[in-house]
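**Student:** Starting from these lines, generate the structure:
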Amino acid sequence: MGSTTDSSVSYYLYQPSHVLPAVFAAVVGISMLLHVFQNLFWRVTFFVTWGGILFTTGWILRCISSYHPGNMNLYIAQSVFIYLAPPVYSAAAYNLVGRLMNYVPMHAVLNPNRVLIFFVYVGAAVESITVAGAAKNAAAGSDLSQYKSGGILIAAGLILQAVVECLVVAIVVTFHVRAARAGPVPRNVKTVCFTLYGTSTFVLLRCIFRAVEAFEMFQNIGCSENCGPILSNEWYLYAFELGPMLIFTYWLNLLHPGRYLPREKCRYLDMDKSTERHGPGWIDNRSSWATIVDPLDLEGMRKGQPSHDTYWLRPEEFPVCQDGSFADGTASNKKSGSRSRRYRGVNSKGAEV
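**Tutor:** Numbers count the residues shown, from 1 in each chain. This next block holds a predicted model:
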């Protein structure tokens, strides 16, 4: 099994479907194209588009590989792309958490502008570990040590991603509870929170499936047939790898965050939970390195003196957005007009801005 192409062997432990990968490549591709179109107006979900490109590529390669099951390069490529896409999809949720906390800064759990940076770096580590493991595992052939080391890397990447998803959920729950304690939560904020709960749940479901699959691999190292239900049946892959990610991406098509949150990070919801103002954005008085090392501002919490500017307590300094409110469902990112026109209002000195 060491050759790149061998017509007498198959790297699959079952007869792979020729039709299903092609069908689902088209289904994933349709969602990806919808995100491309939606982001022309709403943006926010660039990472879903990028993840869709990777996932579509993976299923196209799997379709080609199904006709050449003994081609090692094709088998490795389809494995890597399919493994690679879910962590990229997850980055869209990380970006959404930051946008949500920029919109309602008074309930932010950590620096909104560091959320994406922090989680993307962690996500990059997850991707690197997972891809390395998938490549080693797919290319192992009869080399049991390489097969085992690849499985260990995959398991480590899955555990790390599961931990990250749990952390994201914990941040959103904390934010949601803080907002609820301050009074009724606006509908758009609730929609985004429940979207994040749902998408994270599906990513966790996929992680659990892959973890069980990895455990089965360890139990059947060197096996060539009847290697356990997951390894010996292709439908598990479609049900628990493809299925959750399809729901993830179409969920964001149907309930696109751009319908519920403003494109501009500086636009925030006032304390009355209806008026929206154009503020200065999140201002952290610490150095950039300090915000990365301590995104939760644990030092400020310990001293009882948060390091960020509480600009939302000075609403008279910032102009009211005149194009409606996302909280009331009267604003849209599709509306035209310059920023100066959108945010025209009166500041604390009575001057028009």
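**Student:** going forward, measure contacts between C-alpha atoms and count neighbours the same way
**Tutor:** Fine.
**Student:** quick one: the helices in the stretch 1-150 of the chain?
**Tutor:** Here the stretch 1-150 of the chain has its helices, by DSSP state H, counting those that start in this stretch, at 19-39, 46-67, 72-103, 112-139, 144-181.
**Student:** I'd like the average pLDDT over the second one.
**Tutor:** Throughout helix 46-67, pLDDT has a mean value of 94.
**Student:** What's the separation between the residue lying closest to G52 once chain neighbours are set aside and E216?
**Tutor:** Computed as CA to CA, 6 or more residues apart in numbering, the closest residue to G52 that is not its neighbour in sequence is M32, at 5.0 Å. According to CA to CA, to the nearest Å, M32 stands 32 Å off from E216.
**Student:** Could you do R178 as well?
**Tutor:** Taking CA to CA, one finds R178 at 42 Å from E216.
**Student:** Then Y238?
**Tutor:** Counting by CA to CA, the gap from Y238 to E216 is 17 Å.
**Student:** again, but for A25
**Tutor:** Note on A25: its distance to E216, by CA to CA, is 27 Å.
**Student:** Which one's more surrounded, the two?
**Tutor:** A25 (21 against 16; other CA atoms under 10 Å).
**Student:** about what we covered before: show me the contacts for the residue nearest to G52.
**Tutor:** 48-49, 52-53, 249 (CA atoms under 8 Å, 6 or more residues apart in numbering).
**Student:** Pick out the most distant pair among those residues.
**Tutor:** Spanning the widest gap among the contacts of M32 are I53 and T249, at 11.7 Å by CA to CA.
**Student:** Which one of these two is surrounded by more residues?
**Tutor:** Neighbours per residue (other CA under 10 Å) separate I53 from T249, with T249 holding more: 24 against 19.
**Student:** So that one sits against V48, correct?
**Tutor:** Yes: in this structure, T249 is within contact of V48 by CA atoms under 8 Å, at 6.8 Å.
**Student:** residue boundaries of the strands in the stretch 201-350 of the chain?
**Tutor:** 267-269, 276-278 (DSSP state E, counting those that start in this stretch).
**Student:** wait, which of the ones you listed is closest to E225?
**Tutor:** Across those, E225 has its closest neighbour in strand 267-269 (58.1 Å, CA to CA).
**Student:** ok, residues contacting the closest one?
**Tutor:** For strand 267-269, using CA under 8 Å, 6+ apart, the contacting residues are 102-105, 275-279, 281, 327.
**Student:** out of those, who has the most neighbours?
**Tutor:** Result: E276 is most packed of the contacts of strand 267-269 (other CA under 10 Å), 29 neighbours.
**Student:** can you tell me which residues contact it?
**Tutor:** 267-270, 320-321, 324-325.
**Student:** Closest one of these to G70?
**Tutor:** R267 (54.9 Å).
**Student:** The closest one and P112, how far apart?
**Tutor:** For R267, the distance to P112 - CA to CA - is 13 Å.
**Student:** do the same with Y75
**Tutor:** For Y75 relative to P112 (CA to CA), the value is 40 Å.
**Student:** Next: Y238.
**Tutor:** Taking CA to CA, one finds Y238 at 35 Å from P112.
**Student:** the more surrounded of those two?
**Tutor:** When neighbours are counted by other CA under 10 Å, P112 comes out ahead of the other of Y238 and P112, with 26 against 15.
**Student:** Quick check, that one in contact with I283.
**Tutor:** No: in this structure, P112 is not within contact of I283 by CA under 8 Å, at 10.0 Å.
**Student:** what residue ranges in the stretch 1-150 of the chain are flagged as low confidence?
**Tutor:** By pLDDT under 70, the low-scoring segments of the stretch 1-150 of the chain are 1-8, 137-144, 147.
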